[in-house]
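**Student:** Provided below for reference: sequence and predicted model.
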Amino acid sequence: MKHPFKDVCYDVDALLSGVTKLSTFCSRLEKQGLLYPARFTRDTYVGMGFESFGEILIVNSPIDKRIDAIDYVPITDNDMGVDGVGLNRDDEAHTFQFKYRSFNDKLLTANRDHISNFVAHSLLKYDAKSMTIITTAKDLHNVIATEMYQDQVRTIGYKSLQKLVDGNLQFWKIFQTELNNTP
């Protein structure tokens, strides 16, 4: 794992031991995010934790067409909207944005959730041919996805994430192992 969350996670075992569902992970992550507000705000901690979750998902799914990325690298400095970049099946840039939301029935929007920053930075800095948002929200608002971004931004929302990781014991085991492997 390259994401710095591995070096700052308050308690890996409390976060991931026995976890087999996305909902359990989210609940525990939010609880940990409240523990030391002088160290990290809740939103910063939870965001880092979710980005590390995303890294493990992407890195360990190279043949899964729902992910479609290899050689993934998290972007943790100068966050301009892109949280990570890899290569798609055509060896072209594939950018990722992670959006953690406590309410999984809400839709992401361009302005409130700063999706436009992700799209602009993906296109201008990385010349991305693939862009994916991974989120605990329900989805990206349909009008935004189809009319504003012309269906060029793919979203893996809460229910799709559940299908990928709920009951996927290998995923949760790899995630816990990677977080515990600090240099």
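**Tutor:** Arrived safely.
**Student:** tell me how far the longest helix belonging to the chain is from the chain's mean position?
**Tutor:** Using DSSP state H, we find that the single longest helix of the chain is helix 42-59. Once both centres are worked out by C-alpha atoms, centre = their mean, to the nearest Å, helix 42-59 turns out to sit 5 Å from its chain's centre.
**Student:** Can you name every helix or strand that it contacts?
**Tutor:** With contacts taken as 3 or more C-beta pairs under 8 Å, 6 or more residues apart in numbering; DSSP states H and E, helix 42-59 sits against helix 5-8, helix 22-33, strand 70-74, strand 84-87, strand 93-99, helix 169-180. Using the backbone N, CA and C atoms, a C-beta is placed for each residue, glycine as well.
**Student:** what's the lowest-mean-pLDDT helix or strand in the chain in contact with?
**Tutor:** Every helix and strand of the chain was ranked by mean pLDDT, DSSP states H and E. The lowest is helix 142-143, at a mean of 88. Residues from elsewhere that reach helix 142-143 (C-beta atoms under 8 Å, 6 or more residues apart in numbering): residue 107.
**Student:** all numbers from here: first residue = 54
**Tutor:** Fine by me, first position is 54 from now on; the one you just mentioned is helix 195-196.
**Student:** distance of residue 166 from residue 151?
**Tutor:** Look at residue 166 and residue 151: by C-beta to C-beta, to the nearest Å, they are 11 Å apart.
**Student:** which ones are touching the nearest residue to residue 225 once chain neighbours are set aside?
**Tutor:** Using C-beta to C-beta, 6 or more residues apart in numbering and skipping residues adjacent in sequence, the residue nearest residue 225 is residue 72, 5.2 Å away. With contacts defined as C-beta under 8 Å, 6+ apart, the neighbours of residue 72 are 78, 81, 225, 229.
**Student:** looking at it, the last one is touching residue 69, isn't it?
**Tutor:** Yes - using C-beta atoms under 8 Å, residue 229 is in contact with residue 69, at 4.1 Å.
**Student:** Which one of those two is surrounded by more residues?
**Tutor:** More neighbours sit around residue 69 than around the other of residue 229 and residue 69, counting by other C-beta atoms under 10 Å; the figures are 22 against 18.
**Student:** re the thing from before, any chance of the contacts of residue 72 in JSON lines, with distance to residue 173 and pLDDT too?
**Tutor:** Compiled in JSON lines, the contacts of residue 72 are given as follows (distance: C-beta to C-beta, whole Å; pLDDT from 0 to 100):
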{"residue": "78", "distance to residue 173": "30", "pLDDT": "98"}
{"residue": "81", "distance to residue 173": "34", "pLDDT": "98"}
{"residue": "225", "distance to residue 173": "35", "pLDDT": "97"}
{"residue": "229", "distance to residue 173": "36", "pLDDT": "97"}
